[in-house]
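Q: generate a structure from the sequence data that follows.
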Amino acid sequence: MPGWDDGYVTDVSYTTNFYRETTPVWLATASLLLGQRAPDLTRPFRYADLGCGHGFTTLVVAAAHPEAEIWGFDFNPAHIESATRMAEAAGLSNAHFVETSFADLAARAEASLPQFDFMASHGVASWISPQNRKLLVDVIRQRLRPGGLAYISYNVATGWAAMVPVRQLMCMLSDVSSARTDQASVSALNFIDRMRQSGALFFQSNPRVEKRLEEIQRQDPRYIAHEDMAEEMYEARCSFIGSATLNENVDALSAPDGMLPLLSEAGDRVLRETLRDFGAAQSFRRDIYRRGLAPLAQSEHAGLLDELALAPLSQTVPDPISFITSVGTVTGRPEIYRPLFESLVTGVQTLPQLRELPSFADRPPGELLQAITLMVGGGYAHPVLPGGTSAAARDAARRLNEVVAVENTRGVELQRLAVPLIGSALQVDLLETLMLGDVLSGLPATLSNLTVSVMSGLERSGRTMQREGKPVTDPAECRTMAAEISQRFLDIRVPLLRMLGVLEP
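A: Predicted structure coming up:
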């Protein structure tokens, strides 16, 4: 007899993580950069996290958008209990958590739940049965409003199962071809061979593929079952618009140089993405879908881009300036990127302000957008919420951050802080959450106070000071280390937290 967890993974508790790509501001910005209209974040909206786990991402979204209606759904009662407890402790009345399965959600009466502007499901599709994955898509079909955005991330075969993606690509090339099946099969094999010669990293990572292509040539490509997520979502009337991993939307950053002509030949959007997967030997995708395509007119697109503002996530300029992309590490030219970084570390900057920098005076607008894409994707900057933040959002973020500090004293590992200005979270050290919690509770931010905060926080949480992975037992050395940590917090982190609205100016 099937158990209650049929088709789900429940024997291992999901980690308490945060996923920036699932937040409304990230999805709306990605949609804008892709030239598609996004839901208006300056108005109340509805957001659903399908498979929310312990709900920390959902809680951050709720804190940053107190005017929005935020829902988290998960099959595991332990997850929902944890998320609900934190929401109540932080006073986030706009956050609703429901223990349910995708089957139950899909079967609910239409009036029992609202339609959503944003629906996100991170990694769940790779952990559940094919039947439950179809139910997940069905829930999105029923509940995503026209014009809404859906995010789904999942494992893909190109990074680990060599022959399956080759066969799927054969099938896809045959399907988009107007030739007879036998002729299309020959053309597909020729195309794959050109892709191999172009330098696609997939073939370098899987040297046995070449030897087996001859065997594939003797098979009918239409025999292969096609389970691509984009096809399932298309049946749900949702069209793929791009990747939430922003640099994957830039040809030069998502495939080897030799493959770029092949990408330009691909007229079909899904085929183009499959070619990118081959080019980068992709193993994980973060797809964005829209319920109905709505390409922005050029003038409106330019106007909306001019409203885009970025906040720094650090107050130092990296050296060297490098970015990790799908095809390796890219080093930015200092004469272009250093002025960008130096401008951003002073505070929030709009696109028109960055465009006025001398380094972009004679460059095409697309180069600035590509540079911004790399900086945001690399975690150096983040889009700012349109219209800024309200007092209610700052207060909600403060309450959630206080709860984070309390949870960490109980042995939880939450190394993120809610940041209202960007509608997202900032990665920090665990001890920094403890110090911030005390400061938010009224402790004056002085070196002596914060040193005591670190020491008492370690004691309350049952942790010890560590040096090179080993516990420090000498009390004097522990206090010296606590003072050093507190000084760095005061010098580096506090100014940034004030700039981002986590702490009052």
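
Q: which stretches of the stretch 251-400 of the chain have low pLDDT?
A: For the stretch 251-400 of the chain, applying pLDDT under 70 flags no range at all.

Q: all helices of it, in order?
A: Here the stretch 251-400 of the chain has its helices, by DSSP state H, counting those that start in this stretch, at 251-254, 260-265, 269-280, 298-306, 334-344, 351-355, 365-377, 391-409.

Q: against A83, how distant is the closest residue to I70 other than its chain neighbours?
A: Leaving out its chain neighbours, the residue that sits closest to I70 by Cβ to Cβ, 6 or more residues apart in numbering is A62, at 4.1 Å. Using the backbone N, CA and C atoms, a C-beta is placed for each residue, glycine as well. A62 sits at a distance of 10 Å from A83 (criterion: Cβ to Cβ, to the nearest Å).

Q: what touches both of the two?
A: A95 (Cβ atoms under 8 Å, 6 or more residues apart in numbering).

Q: out of the helices of the stretch 251-400 of the chain, which is closest to R488?
A: Among the helices of the stretch 251-400 of the chain, helix 391-409 comes nearest to R488, with 17.9 Å by Cβ to Cβ.

Q: tell me where the stretch 1-150 of the chain has helices.
A: Assigned by DSSP H, counting those that start in this stretch, the helices in the stretch 1-150 of the chain fall at 24-33, 56-64, 77-90, 102-107, 130-143.

Q: ok, and what's touching the fourth one?
A: By Cβ under 8 Å, 6+ apart, the residues outside helix 102-107 that reach it are L50, F73, F75, L113, I128, N132, L135, L136, D138, V139, Q142, R143.

Q: 7 Å - rerun?
A: Helix 102-107 has contacts (Cβ atoms under 7 Å, 6 or more residues apart in numbering) with F73, N132, L135, L136, D138, V139, Q142.

Q: is it possible to export the residues you listed to a markdown table including pLDDT, neighbour count and distance to I321?
A: What follows is those, written out as a markdown table (pLDDT from 0 to 100; neighbours: other Cβ atoms under 10 Å; distance: Cβ to Cβ, whole Å):
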| residue | pLDDT | neighbour count | distance to I321 |
| --- | --- | --- | --- |
| F73 | 97 | 26 | 40 |
| N132 | 90 | 21 | 43 |
| L135 | 94 | 20 | 45 |
| L136 | 95 | 24 | 39 |
| D138 | 95 | 18 | 45 |
| V139 | 96 | 25 | 42 |
| Q142 | 95 | 15 | 45 |
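
Q: okay if I get those as a markdown table plus distance to G332?
A: Output for the contacts of helix 102-107, formatted as a markdown table (distance: Cβ to Cβ, whole Å):
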| residue | distance to G332 |
| --- | --- |
| F73 | 40 |
| N132 | 42 |
| L135 | 44 |
| L136 | 38 |
| D138 | 43 |
| V139 | 41 |
| Q142 | 44 |
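
Q: list the contacts of V428.
A: Q415, R416, L417.

Q: T100: which of the residues you listed is nearest?
A: R416 (26.0 Å).

Q: beta partners of that closest one?
A: R416 has these beta-bridge partners by DSSP bridges: Q427.

Q: quick one: low-confidence parts of the stretch 101-250 of the chain?
A: 157-164, 180-183, 208, 211-228.

Q: and the strands in it?
A: Here the stretch 101-250 of the chain has its strands, by DSSP state E, counting those that start in this stretch, at 116-121, 144-155, 239-243.

Q: which helices and strands sit right next to the first one?
A: Using 3 or more Cβ pairs under 7 Å, 6 or more residues apart in numbering; DSSP states H and E as the contact criterion, the neighbours of strand 116-121 among helices and strands are strand 46-50, helix 130-143, strand 144-155.

Q: swap in 8 Å and give it another go.
A: helix 24-33, strand 46-50, helix 130-143, strand 144-155 (3 or more Cβ pairs under 8 Å, 6 or more residues apart in numbering; DSSP states H and E).

Q: run the angle between the second one and helix 24-33 for me.
A: What that stands for is strand 46-50. 100 degrees (axes from the mean of the first three to the mean of the last three Cα atoms, to 10 degrees).
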